[in-house]
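In: With the sequence up front, the predicted model follows.
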Amino acid sequence: MSPLRLLILGLLFYILYRLLIGGGKKLSSRKRRGESKPESSKGVNDVLVEDPLCHTLIPKGQAIQLYHNHQMLYFCSNKCCKKFLSEKGAEK
């Protein structure tokens, strides 16, 4: 075999080695930190709720909450919450 072929084969084996061993090191470093999955693959734990005034869907954790007539209501903004209260106040 020529020296050029040996060099190319050696380079290919090195790349293959780094691909196989490099992936294992990343996995073991995640285990050392206590992570089971990458951040991007973790599920979302927030539920969407509907604004009763404008019917916009918003994550429950970001919604403005109002307890009204023994019921929890969720609003997309303070503006919608105040408008709801002014309309419900006029009805009574």
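Out: Ah, there it is.
In: number of nearby residues for Leu73?
Out: 20 (other Cβ atoms under 10 Å). Just so you know, the C-beta spots here come from the backbone N, C-alpha and C atoms, and that holds for glycine as well.
In: Gly22 versus Lys60, what's the distance?
Out: 41 Å (Cβ to Cβ, to the nearest Å).
In: Those two: who's more crowded?
Out: Lys60 (13 against 10).
In: check contacts around the more buried one.
Out: Contact analysis of Lys60 by Cβ atoms under 8 Å, 6 or more residues apart in numbering lists Asp46, Val47, Leu48, Val49, Tyr74.
In: What segments of this protein are helices?
Out: 3-33, 78-91 (DSSP state H).
In: Compare the ones you listed and say which comes out lowest on pLDDT.
Out: Of all those, helix 3-33 carries the lowest average pLDDT, namely a mean of 77.
In: average pLDDT for stretch 53-60?
Out: 92.
In: Now that stretch - C-alpha only, CSV.
Out: In CSV, the C-alpha atoms belonging to stretch 53-60 read as follows (Å, rounded to 0.1, in the frame of the first residue of the first chain):
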residue,chain,number,x,y,z
LEU,A,53,-63.8,37.9,27.2
CYS,A,54,-61.7,37.7,24.0
HIS,A,55,-61.4,33.9,23.8
THR,A,56,-57.6,34.0,23.5
LEU,A,57,-55.7,30.8,24.6
ILE,A,58,-52.9,31.5,27.1
PRO,A,59,-50.6,29.4,29.2
LYS,A,60,-52.2,29.1,32.7
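In: number of nearby residues for Lys82?
Out: Lys82 has 14 neighbours, counted by other Cβ under 10 Å.
In: And Ile64, by the same measure?
Out: Counted with other Cβ under 10 Å, the neighbours of Ile64 add up to 17.
In: Just give the closest residue to it, not the sequence neighbours.
Out: Phe75 (4.3 Å; Cβ to Cβ, 6 or more residues apart in numbering).
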